[in-house]
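> structural data only, the sequence is not supplied:
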């Protein structure tokens, strides 16, 4: 296709679509434990990759028992109930990474998997193992804080990891998920929630307290699930099944993503970000952001702007 711009003529032009994305890595660690080590039953709100490097491990996930051999990995969903213990006569070494990403299809694919345990020879393990090895190398260097170059290498490895997960899991289910009625309903709800958050700095009632924010979230979810041919409770169940979280939790994640992206813009003050997100009271926004992340908005943005 021939394109013309001012006095210049172009034969063709190719462009990537505009993209913005956030992800979180939490408690990435390599650990060697004794043969009698165990970890009690627990849950957490992030996905988990647990790769066994040496020894043997038994993990119980939602009452299902798995035995890991070196090179095998477990991929856990948010809120999966799990516990683990070392087995065998030798110390055990494993690598653990907790993560989350905001891409809706990847989140749905990760939540709808049929397996938790992937053996060392599986397509998924072979695809993401190089990215995990890079992260293990950076983690084992025990460099605190990470130098900026190594921080970028870690981020690159995580994006490679997410790309590998997307590639393998999409071959197994993206087309089926996108074409199913349940998938279409869940994706429409997600799109409406995303539009609600994107429009929050253009219209909408300012939030000045916890109760008002709760009501705002309830109203947003109600609007997103209206006119889809299902009751509100059915829409919530469909969304939960596809994404592994409720519409309210998804909405909260979208708000956090937008808050982070706005805070990374140096020309915006924290107060301006608070207003753009629909908060009337900057103190309320600061408390909410700290509940989301464990740190204040100012401390978060200080990591990006000197």
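Thanks, I have the structure now. Quick caveat: nothing in here was measured; it's all calculated off a predicted structure.

> rest of the way, CA atoms for contacts and neighbours
Fine.

> for the longest helix along the chain, packing partners?
If you go by DSSP state H, the chain has its longest helix at helix 148-179. Applying 3 or more Cα pairs under 8 Å, 6 or more residues apart in numbering; DSSP states H and E, one finds that helix 148-179 contacts helix 104-111, helix 123-140, helix 181-198.

> dump the ones you listed to CSV, plus mean pLDDT and mean neighbour count.
Shown next, in CSV, are the helices and strands packed on helix 148-179 (pLDDT from 0 to 100; neighbours: other Cα atoms under 10 Å):
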stretch, mean pLDDT, mean neighbour count
helix 104-111, 78, 20
helix 123-140, 95, 17
helix 181-198, 84, 19
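
> so which of those is nearest residue 51?
helix 123-140 (8.6 Å; Cα to Cα).

> residues touching that closest one, excluding its own?
When contacts are defined by Cα atoms under 8 Å, 6 or more residues apart in numbering, helix 123-140 is touched by residues 28-30, 72-73, 95, 118-120, 150, 154, 157-158, 160-161, 164-165, 168-169.

> select only the buried ones of these in ChimeraX?
In ChimeraX, a selection of the buried entries from the contacts of helix 123-140 looks like this (16 or more other Cα atoms under 10 Å):
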select :28,29,30,72,73,95,118,119,120,154,157,158,160,161,164,165,168,169
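
> for this structure, just list every one of the helices.
Secondary structure of the chain (DSSP H): helices at 104-111, 123-140, 148-179, 181-198, 210-224, 232-243, 247-263, 270-276, 282-293, 297-302.

> need the ones you listed in CSV with distance to residue 49, can you?
Shown next, in CSV, are the helices of the chain (distance: least, Cα to Cα, whole Å):
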stretch, distance to residue 49
helix 104-111, 11
helix 123-140, 9
helix 148-179, 10
helix 181-198, 25
helix 210-224, 31
helix 232-243, 18
helix 247-263, 20
helix 270-276, 33
helix 282-293, 21
helix 297-302, 25
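
> looking at these, spot the one closest to residue 54.
helix 123-140 (13.6 Å).

> tell me the angle the closest one makes with helix 148-179.
160 degrees (axes from the mean of the first three to the mean of the last three Cα atoms, to 10 degrees).

> got a markdown table for the helices and strands packed on helix 148-179, with distance to residue 90 too?
Below are the helices and strands packed on helix 148-179 laid out as a markdown table (distance: least, Cα to Cα, whole Å):
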| stretch | distance to residue 90 |
| --- | --- |
| helix 104-111 | 33 |
| helix 123-140 | 21 |
| helix 181-198 | 46 |
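
> out of those, which gets nearest to residue 245?
Of the helices and strands packed on helix 148-179, nearest to residue 245 by Cα to Cα is helix 104-111, at 8.7 Å.

> show residues contacting the closest one.
Against helix 104-111 from outside (Cα under 8 Å, 6+ apart): 77, 101, 166, 169-170, 173-174, 187, 190, 241-244.

> need the buried ones from those residues selected in ChimeraX.
Burial among those is assessed by 16+ other Cα under 10 Å; the matching ChimeraX selection reads:
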select :77,101,166,169,170,174,187,190,241,242,243,244
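
> hmm, back to that, what's the mean pLDDT across the longest helix of the chain?
For helix 148-179, mean pLDDT is 81.

> go on, stretch 224-243?
Stretch 224-243 comes out at a mean pLDDT of 88.

> sort out which residues of that stretch are buried, please.
Buried-residue list, stretch 224-243, by 16+ other Cα under 10 Å: 224-225, 232, 235-243.

> and which of those residues is nearest to residue 255?
residue 224 (15.2 Å).

> tell me the contacts of the closest one?
188-190, 192-193.

> just so I know, which of the helices and strands packed on helix 148-179 lies nearest residue 216?
Per Cα to Cα, nearest to residue 216 of the helices and strands packed on helix 148-179: helix 181-198, 10.6 Å.

> follow-up on the earlier one: out of the helices of the chain, which comes closest to residue 88?
helix 123-140 (23.1 Å).

> picking up where we left off before, including distance to residue 250, could the buried residues of stretch 224-243 go into JSON lines?
Shown next, in JSON lines, are the buried residues of stretch 224-243 (distance: Cα to Cα, whole Å):
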{"residue": "224", "distance to residue 250": "12"}
{"residue": "225", "distance to residue 250": "13"}
{"residue": "232", "distance to residue 250": "16"}
{"residue": "235", "distance to residue 250": "13"}
{"residue": "236", "distance to residue 250": "11"}
{"residue": "237", "distance to residue 250": "13"}
{"residue": "238", "distance to residue 250": "13"}
{"residue": "239", "distance to residue 250": "10"}
{"residue": "240", "distance to residue 250": "10"}
{"residue": "241", "distance to residue 250": "13"}
{"residue": "242", "distance to residue 250": "12"}
{"residue": "243", "distance to residue 250": "9"}
